[in-house]
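Enquirer: Pasting the sequence and the predicted coordinates here, then a few questions.
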Amino acid sequence: MAALLMPRRNKGMRTRLGCLSHKSDSCSDFTAILPDKPNRALKRLSTEEATRWADSFDVLLSHKYGVAAFRAFLKTEFSEENLEFWLACEEFKKTRSTAKLVSKAHRIFEEFVDVQAPREVNIDFQTREATRKNMQEPSLTCFDQAQGKVHSLMEKDSYPRFLRSKMYLDLLSQNQRRLS
């Protein structure tokens with residue numbers, strides 16, 4: 001079993017090591033990962049929208065460019081697994097097929113929650129064990145406790161750093177210069 005996981009972990013390690021050469025807080029790094037073509041996306045992103053991301057963490061998460069910018073920031077901190085887990089849980093909650101629900105739940109658990117998961121999120125033992133028990137009979141709410149802990153961690157820790165980051169501040173100033 002461990003041999004089967006090695007390629008996955010090595011790929012993740014290669015990705016992380018590859019990020020070292022690209023690690024930067026500059027806005028140009030952000031534009032490279034925008035959901036649309038960068039120039040078109042930046043033209044559509046208003047300064048007001050980007051400024052509203054500072055209103056609350058949930059406002060940031062509700063905006064596709066906010067998620068993209070936050071993801072780029074988290075990659076520079078090697079903690080994008082938190083956002084990826086939160087997004088996977090949001091997508092999971094939309095599952096309507098019982099058969100798909102079970103397989104998706106196990107995939108999310110193995111990818112993010114299980115001890116030594118390839119993209120293990122930082123949650124406490126009790127939350128991890130409660131989520132493990134929920135896997136016996138997966139439901140749309142089986143990740144709620146873990147997702148809530150990860151959301152809280154990002155909101156209290158990563159989100160304030162994102163708002164102070166050169167990446168976010170450059171984005172705001174670039175949008176303001178574009179409008180001037």
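Expert: Thanks, I have it. Keep in mind that what you see is a predicted model, and the values were worked out from it rather than measured.
Enquirer: alpha carbons only for contacts and neighbour counts from here, please
Expert: Will do.
Enquirer: The residue nearest the centre of the chain and residue 57, how far apart?
Expert: By Cα atoms, centre = their mean, the chain has its centre lying nearest to residue 83, at 1.8 Å. Distance of residue 83 to residue 57, given as Cα to Cα, to the nearest Å: 12 Å.
Enquirer: And what about residue 117, helix, strand or coil?
Expert: coil (DSSP: H, G, I helix; E, B strand; the rest coil).
Enquirer: just checking, residue 59 touches residue 52?
Expert: Yes: here residue 59 reaches residue 52: they are 7.0 Å apart, a contact under Cα atoms under 8 Å.
Enquirer: Under the pLDDT cut-off, which ranges of this protein? List them.
Expert: 1-44, 178-180 (pLDDT under 70).
Enquirer: Which stretches in it count as helices?
Expert: Along the chain, counting by DSSP state H, helices occupy 2-22, 27-31, 38-44, 47-52, 57-61, 64-76, 80-92, 98-108, 125-134, 144-153, 159-164, 166-179.
Enquirer: now those in JSON lines, with distance to residue 115?
Expert: As requested, these are exported to JSON lines (distance: least, Cα to Cα, whole Å):
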{"stretch": "helix 2-22", "distance to residue 115": "13"}
{"stretch": "helix 27-31", "distance to residue 115": "31"}
{"stretch": "helix 38-44", "distance to residue 115": "37"}
{"stretch": "helix 47-52", "distance to residue 115": "36"}
{"stretch": "helix 57-61", "distance to residue 115": "27"}
{"stretch": "helix 64-76", "distance to residue 115": "21"}
{"stretch": "helix 80-92", "distance to residue 115": "14"}
{"stretch": "helix 98-108", "distance to residue 115": "13"}
{"stretch": "helix 125-134", "distance to residue 115": "8"}
{"stretch": "helix 144-153", "distance to residue 115": "13"}
{"stretch": "helix 159-164", "distance to residue 115": "25"}
{"stretch": "helix 166-179", "distance to residue 115": "32"}
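Enquirer: That's all I had, so thanks and see you.
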